[in-house]
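J.: sequence and predicted structure, then a few things I'm wondering about:
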Amino acid sequence: MADVPVQTPSSELQYTEFNNITEGLRNLINTTSQTASSGDTNQYAKSAAEYAASGWFYTDSGAADAYVLTNIGTLKSSNDYGARELISFRAANANTGASTVNVATKGVKNIKKADGSTDPAAGDIPTDKDTWARYDGTNFRLIEFGSGAGGSTETVTKDIAQGSHGFVVGDVLKQIAGVYSKAQADTADNAEVIGIVSAVADAGNFTLQMNGYISGLSGLTASETHFLSPTVAGALTATKPTTIGQIDKPLLDADTTSSGFFNNMRGLEVTATGDASAMVKLSTATASASATIDFEDIDSTYSSYRIDINGVLPTSDGVQMHLRVGTGVTPTYQSGVSDYSWTTLKVSQGTVSGTSDEADSQMQLTRSSLGSAAGEEVGGSIVIYNPASGSADTIFVSSFGHTAATAGFSYSSSSGQYLSTTPVTALRILMASSTIASGVFTLYGIK
């Protein structure tokens, strides 16, 4: 190496100090799975880029409410906490209330909600998705992903202050003039649901969840759609309301007895047979290494149809779920290269992405590729409008959620159309390059 030609008075580097700098750069390169080499002059830049992309991710080895974080692999942490320092980790244990974190042995710091002063409620630091927080100079503030100008994330929640509210996790609520109370499917007014309680901080504060995956519930029936109860205020029931005057309002697709996908669907008043507001369960199909799931009872009896999907897994990993229509008395399933037009969006860990196709051989229902392992089941619903009209294209709208082992929870929403006015007589659900290993599919008719 050539001598440095110009030196600043009183700031000369001793050779030991210079050696320390070069050794530090070598260590930086080595911590990012590179071997220092004179043949690659971009190694330092590559290391800096890896720290920028991954340096805030940590693993947790602590207990509930006391999180202990260590760097992933050979990456190093800063020497001390810095203002606006960002961390992300998957908790080994969900919190039960006020919590602390110790990042890379730099010292214990309190965790607060986004306002910087309120302790997190039970479940604010979950085990089924990553927790993000930023240091404000005193505490780590949770980053609460929700709806905003840029779109929505996997759940939409809001912290509510209401004295002596009396709610517990799982209560379904309505809101009138700023006052929250338990919803009930006995009348249309009482069934105006705004959300479900996902956490309770104390007698005067709770968290309201408006959509997405929710856990910590009890008494659910796995792989069943749950409705707002017409008899118990604030409750969910797997029994569809059938009494005239009650409100048929599906709200949650359960994947276990304590969790599921909350989706505030439109309610329909139960009326006398033949009236235009009835939603009727028509048939159920259970997959078992099935090439397709077909419903061939589509006709003009109903103006729209809905398919609920619970606990579905493909046989192969990393595939998409699709839909095709059939036409004719003995259905011919349409798969022409320009039979369908669709758009789909995915929200995963705060990132929104989308894609579309104006001429395809099938409608894509999921933006995320689906996993085939236990715990990666997909749940959601598809609504099909005007399938048998004969005068308008058939429209599809769907929403799904699932957890991937490597990418966390994902929410997919799609819409599209069959580009023909030919009446639809059948619906087919299939996986790309895979059979359907398991899952329950339920068809409803909507008048």
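T.: Arrived safely. Residues are numbered from 1 along each chain as shown.
J.: residue 307: neighbour count?
T.: 22 (other CB atoms under 10 Å). C-beta coordinates here come from the backbone N, C-alpha and C atoms, glycine included.
J.: again but with residue 318, I slipped
T.: The burial count for residue 318: 14, using other CB under 10 Å.
J.: what's it in contact with, if anything?
T.: For residue 318, the contact set (CB atoms under 8 Å, 6 or more residues apart in numbering) comprises 369-371.
J.: mind running it again at 7 Å?
T.: By CB atoms under 7 Å, 6 or more residues apart in numbering, residue 318 lies in contact with residue 369.
J.: repeat that for residue 90.
T.: 60, 130.
J.: flag every buried residue along stretch 413-429.
T.: 413-419, 423-429 (16 or more other CB atoms under 10 Å).
J.: which of these lies closest to residue 104?
T.: Distance ranking of the buried residues of stretch 413-429 against residue 104, using CB to CB, places residue 413 first at 38.2 Å.
J.: isn't that closest one right up against residue 397?
T.: No: counting by CB atoms under 7 Å, residue 413 stays clear of residue 397, with 8.1 Å between them.
J.: how about low-confidence regions in the chain?
T.: 1-56, 73-78, 144-155, 272-278, 404-407 (pLDDT under 70).
J.: got the domain boundaries for it?
T.: 54-142, 156-261, 278-446 (automatic domain parsing).
J.: out of the buried residues of stretch 413-429, which comes closest to residue 170?
T.: Closest to residue 170, out of all of the buried residues of stretch 413-429 and judged by CB to CB, is residue 413, at 24.7 Å.
J.: any idea which helix or strand comes after the helix or strand containing that closest one?
T.: Element membership of residue 413, judged by DSSP states H and E, is strand 408-418. Toward the C-terminus, strand 408-418 is succeeded by strand 426-431 as the next helix or strand (DSSP H and E).
J.: using PDB, list the CA coordinates for that following strand.
T.: Extracted in PDB, the C-alpha atoms of strand 426-431 (Å, rounded to 0.1, in the frame of the first residue of the first chain):
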ATOM      1  CA  ALA A 426     -70.500 -24.900 -12.000                       C
ATOM      2  CA  LEU A 427     -67.500 -23.700  -9.900                       C
ATOM      3  CA  ARG A 428     -64.100 -25.400  -9.600                       C
ATOM      4  CA  ILE A 429     -61.300 -24.700  -7.100                       C
ATOM      5  CA  LEU A 430     -57.900 -26.100  -7.900                       C
ATOM      6  CA  MET A 431     -54.200 -25.700  -7.000                       C
END
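J.: and it, how far from the chain's centre?
T.: Distance of strand 426-431 from the chain centroid (CA atoms, centre = their mean, to the nearest Å) equals 24 Å.
J.: who does it touch, helix- and strand-wise?
T.: Strand 426-431 is packed against strand 292-295, strand 321-327, with contacts defined by 3 or more CB pairs under 7 Å, 6 or more residues apart in numbering; DSSP states H and E.
J.: can I get those strands in TSV including mean neighbour count?
T.: Listed next are these as TSV, based on neighbours: other CB atoms under 10 Å:
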stretch	mean neighbour count
strand 292-295	19
strand 321-327	23
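J.: reformat those as TSV; add distance to residue 443.
T.: Shown next, in TSV, are the helices and strands packed on strand 426-431 (distance: least, CB to CB, whole Å):
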stretch	distance to residue 443
strand 292-295	5
strand 321-327	13
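J.: out of those, which comes closest to residue 168?
T.: Across the helices and strands packed on strand 426-431, closest to residue 168 is strand 321-327 (CB to CB), at 35.0 Å.
J.: how far off strand 426-431 does the closest one point, in degrees?
T.: 160 degrees (axes from the mean of the first three to the mean of the last three CA atoms, to 10 degrees).
J.: ok, residues contacting strand 321-327?
T.: 296, 332-335, 362-366, 370, 382, 394, 396, 418, 422-432.
J.: quickly list what residue 436 is bridged to.
T.: Counting by DSSP bridges, residue 436 is bridged to residue 290, residue 314.
J.: isn't it up against residue 314?
T.: Yes: using CB under 7 Å, residue 436 makes contact with residue 314 at a distance of 6.3 Å.
J.: quick one: what helix or strand has residue 345 in it?
T.: strand 340-348.
J.: just checking, what packs against that strand?
T.: Against strand 340-348 (3+ CB pairs under 7 Å, 6+ apart) you get strand 351-360, strand 363-364, strand 408-418.
J.: could you export the ones you listed as JSON lines, including distance to residue 65?
T.: Formatted as JSON lines, the helices and strands packed on strand 340-348 follow (distance: least, CB to CB, whole Å):
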{"stretch": "strand 351-360", "distance to residue 65": "29"}
{"stretch": "strand 363-364", "distance to residue 65": "42"}
{"stretch": "strand 408-418", "distance to residue 65": "22"}
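J.: which among the ones you listed is found nearest to residue 191?
T.: Of the helices and strands packed on strand 340-348, nearest to residue 191 by CB to CB is strand 408-418, at 23.8 Å.
J.: and the angle from the closest one to strand 340-348?
T.: Using the same axes, to 10 degrees, strand 408-418 lies at 160 degrees relative to strand 340-348.
J.: and the contacts of strand 408-418?
T.: 128-130, 154, 212-213, 325, 334, 339-349, 363-368, 393-404, 424.
J.: one more: stretch 421-430?
T.: 292-296, 298-299, 307, 321-328, 331, 333, 384, 387-388, 390-394, 418, 441.
J.: check stretch 173-187 too.
T.: 160, 162, 165, 171-172, 190-195, 197, 208, 227-230, 233-234, 241, 246-247, 249.
J.: just those: which are in strands?
T.: 160, 172, 193-195, 197, 208, 227-228, 247 (DSSP state E).
J.: can you select the buried ones from those residues in ChimeraX?
T.: What follows is the ChimeraX syntax selecting those of the ones in strands among the contacts of stretch 173-187 that are buried according to 16+ other CB under 10 Å:
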select :160,172,193,195,197,208,227,228,247
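J.: circling back: distance between the strand holding residue 345 and the chain's centre?
T.: 14 Å.
J.: in its sheet, which strands sit next to it, and in what direction?
T.: strand 351-360 (antiparallel), strand 408-418 (antiparallel).
J.: C-alpha coordinates for it, PDB please?
T.: The C-alpha atoms that make up strand 340-348 are tabulated as PDB, following Å, rounded to 0.1, in the frame of the first residue of the first chain:
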ATOM      1  CA  TYR A 340     -60.600 -14.600 -17.200                       C
ATOM      2  CA  SER A 341     -59.400 -11.200 -16.000                       C
ATOM      3  CA  TRP A 342     -58.300 -10.700 -12.300                       C
ATOM      4  CA  THR A 343     -56.300  -8.500  -9.900                       C
ATOM      5  CA  THR A 344     -54.900  -9.700  -6.500                       C
ATOM      6  CA  LEU A 345     -53.200  -8.000  -3.600                       C
ATOM      7  CA  LYS A 346     -51.100  -9.400  -0.700                       C
ATOM      8  CA  VAL A 347     -50.300  -7.900   2.600                       C
ATOM      9  CA  SER A 348     -47.500  -9.500   4.600                       C
END
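J.: in that strand, what's buried?
T.: Applying 16+ other CB under 10 Å to strand 340-348 flags 340-348 as buried.
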